[in-house]
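# Test case, fold it:
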Amino acid sequence: MKSHWLRALASAAMCAATMPFATASGTKEDKGKVVAKVNGAEIYERDLYSAAQLESMPEELRNKLLQQTLDQAIENELLYQEAKKKGLDKDPKYLESLERQKKMTAQRKVQMLASYYEQSIESLKTARDREAITEEEIYAYYEGNKARYKRRSEERAKQIIRSQLVSIKYREAYGKWLQDIVGRYQVEINGTAIPDDVMLQAVKDNFSAAQRNTRPGQDGAVDPLWQAVADAAGVDLLEATKEPLNLGEPNPFKEKLSRLTFKIGETEVNWSEVYQLDALLNTPSTAHYMAGPEVFYVLKTYIVAEEAKKSGIEEDSDYKKRLARSVMDPIMSSMSSSADAEKRLLINHLNQDAGLYDTSKHEVTPAEIDDYYAKNEHQYARLEKRPNGKDRARKIIERILKSQKAKGERKAYIQNLREAGEVEIID
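Numbers count the residues shown, from 1 in each chain. Now for the predicted structure:
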């Protein structure tokens, strides 16, 4: 246990930028004790670490770990309050970024529910079992494909084949299971149902063993699902080109697609709300002849999520724990609570607005480079021996010094906020 928290201590610095902030959500009872106040905003123990972490944290390391993150949490709160004071939370660029972030977070939660449900399916668990692959199956595959493994030892080839057979079996099992699930749901685009045979064919195209090395559209033909999307939007598919769809001019194709609404079971979602679909419109239109699979993968995630809801798995205690951990714990997941994520995004906006990470505005003199070089010459001894090594070393040092000056400016900026405000650390 001690080594676990020593690793946590080592990673605290790396995670500092993602540490939580003072929040208004929750009660005093479920957030632990107050450890600091920043201009009246309270920071609790559990704003720094999740309940599970605090409960399992060795007493001798607890205070040290909390201190590691408390200073950063105070800085974050000061920067957040300053951003609000400057009105940056009303800035159109921030609001646009916030909207994009909300879409991504919502989509991740759908993906998490679908993934968790898939992991609970017994037939898929069995298909993932490496030990279920028999020696006879491995030998038969090896004998039929020796040419592929001529540069491998027989033992190594069989190890690879076991993994490949698991992948093949899982793909086939998943396709069969998914076909049954997809057949239960009608998918509508702007009120028009996608034909069942189109959706079922999409499952076969994307998950059958025969199709595992190819994707619909690779032969230049338009994918049926993508054609159904274009028909629902009332647009003609563009001629193949390597130019992006959005060249800065109004684009009817993009505008009409972005207004599409999908209905899967009881769930309705707008095209523009799904970041993968929104990003699809910014790719070269040659890719749009293979866009059907991209649309299908989004739709199948929502279909599986609908089935998961129907199964009642959202009430599963383990799922709830995973969801809570993914929302609360910045070390264990890229997801965070919506409040923290919005604050973090606003702080980043302030950093940009104030130029706190802009190294280009800082000047470094030749004398400063010479001084740093003289003090750290041993670090560049090997580089000096290479062509133009000394010039390259000086450029590296220039970047280091500019970065140090930018960090110093940010530190001074935060210190000024701290001195102008009221920061109380509570033992």
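
# quick one: the residue of the chain positioned farthest from its centre and Tyr373, what's the gap?
Largest separation from the mean C-alpha position in the chain: Ala367, at 43.2 Å (C-alpha atoms, centre = their mean). Between Ala367 and Tyr373 the computed distance is 10 Å (C-beta to C-beta, to the nearest Å). Just so you know, the C-beta spots here come from the backbone N, C-alpha and C atoms, and that holds for glycine as well.

# Check Ile313 too.
Distance from Ile313 to Tyr373, by C-beta to C-beta: 61 Å.

# re the thing from before, and the residue farthest from the centre of the chain, what element?
helix 366-375 (DSSP states H and E).

# Low-confidence bits of this structure, can you list those?
Along the chain, the parts satisfying pLDDT under 70 run over 1-30, 50-52, 54, 208-221, 238-251, 282-290, 325-339.

# Please, where are all the strands along the stretch 101-250 of the chain?
187-189, 192-193 (DSSP state E, counting those that start in this stretch).

# Quick check: neighbours of the shortest one in the sheet, parallel or antiparallel?
Paired strands of strand 192-193, with direction, are strand 187-189 (antiparallel) (DSSP bridges).

# circling back to that earlier point, neighbouring contacts of the helix holding Ala367?
Contact with helix 366-375 is made by 380, 393-394, 397-398, 400-401, as judged by C-beta atoms under 8 Å, 6 or more residues apart in numbering.

# now, which of those residues sits nearest Gln179?
Ile400 (56.8 Å; C-beta to C-beta).

# where's the closest one, which helix or strand?
Applying DSSP H and E as the criterion places Ile400 in helix 389-420.

# What are the buried residues along that helix?
For helix 389-420, the neighbour count (16 or more other C-beta atoms under 10 Å) marks 393-394, 397-398, 401-402, 405-406, 409-410, 413-414, 417 as buried.

# got it, and stretch 222-241?
222-226, 228-230, 232-233, 237.

# In this structure Tyr302 contacts Ile264, no?
Yes - at 4.4 Å, Tyr302 and Ile264 qualify as touching, with contact defined as C-beta atoms under 8 Å.

# one step back: determine which of the strands of the stretch 101-250 of the chain approaches Asp318 most closely.
The nearest among the strands of the stretch 101-250 of the chain, by C-beta to C-beta, is strand 187-189 at 29.6 Å.

# got the buried residues of helix 389-420 as JSON lines, with distance to Asp89 columns?
Listed next are those as JSON lines, based on distance: C-beta to C-beta, whole Å:
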{"residue": "Ala393", "distance to Asp89": "43"}
{"residue": "Arg394", "distance to Asp89": "42"}
{"residue": "Ile397", "distance to Asp89": "39"}
{"residue": "Glu398", "distance to Asp89": "36"}
{"residue": "Leu401", "distance to Asp89": "34"}
{"residue": "Lys402", "distance to Asp89": "30"}
{"residue": "Lys405", "distance to Asp89": "29"}
{"residue": "Ala406", "distance to Asp89": "24"}
{"residue": "Glu409", "distance to Asp89": "23"}
{"residue": "Arg410", "distance to Asp89": "20"}
{"residue": "Tyr413", "distance to Asp89": "19"}
{"residue": "Ile414", "distance to Asp89": "19"}
{"residue": "Leu417", "distance to Asp89": "17"}
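
# how does this structure divide up, domain by domain?
Split into domains by automatic domain parsing, the chain comes to 2-90, 120-174, 186-302, 360-422.

# okay if I get those as CSV plus distance to Asn351?
CSV is the format used below for the domains of the chain (distance: least, C-beta to C-beta, whole Å):
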stretch, distance to Asn351
domain 2-90, 8
domain 120-174, 42
domain 186-302, 23
domain 360-422, 8
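
# Out of those, flag the one nearest Met112.
domain 186-302 (10.1 Å).

# distance between the ends of that closest one?
12 Å (C-alpha to C-alpha, to the nearest Å).

# ok, back up a step: could you look over the strands of the stretch 101-250 of the chain and pick the most buried one?
A comparison of the strands of the stretch 101-250 of the chain by mean neighbour count, using mean count of other C-beta atoms under 10 Å, puts strand 187-189 on top with a mean of 19.

# Now name the helix or strand holding Arg382.
helix 381-384.

# same check, this time on Leu95
helix 92-119.

# how far off helix 92-119 does the helix or strand Leu66 falls within point, in degrees?
Using DSSP H and E, Leu66 sits in helix 59-85. Angle of helix 59-85 versus helix 92-119, following axes from the mean of the first three to the mean of the last three C-alpha atoms, to 10 degrees, is 140 degrees.

# quick one, helices of the stretch 151-300 of the chain?
Residue ranges of the helices in the stretch 151-300 of the chain, as given by DSSP state H, counting those that start in this stretch, are 154-182, 196-207, 224-233, 252-258, 275-280, 291-311.

# residues making contact with the shortest one?
Okay, so that is helix 275-280. 100, 103-104, 107, 258, 271-272, 287-288, 291, 294-295, 297-298.
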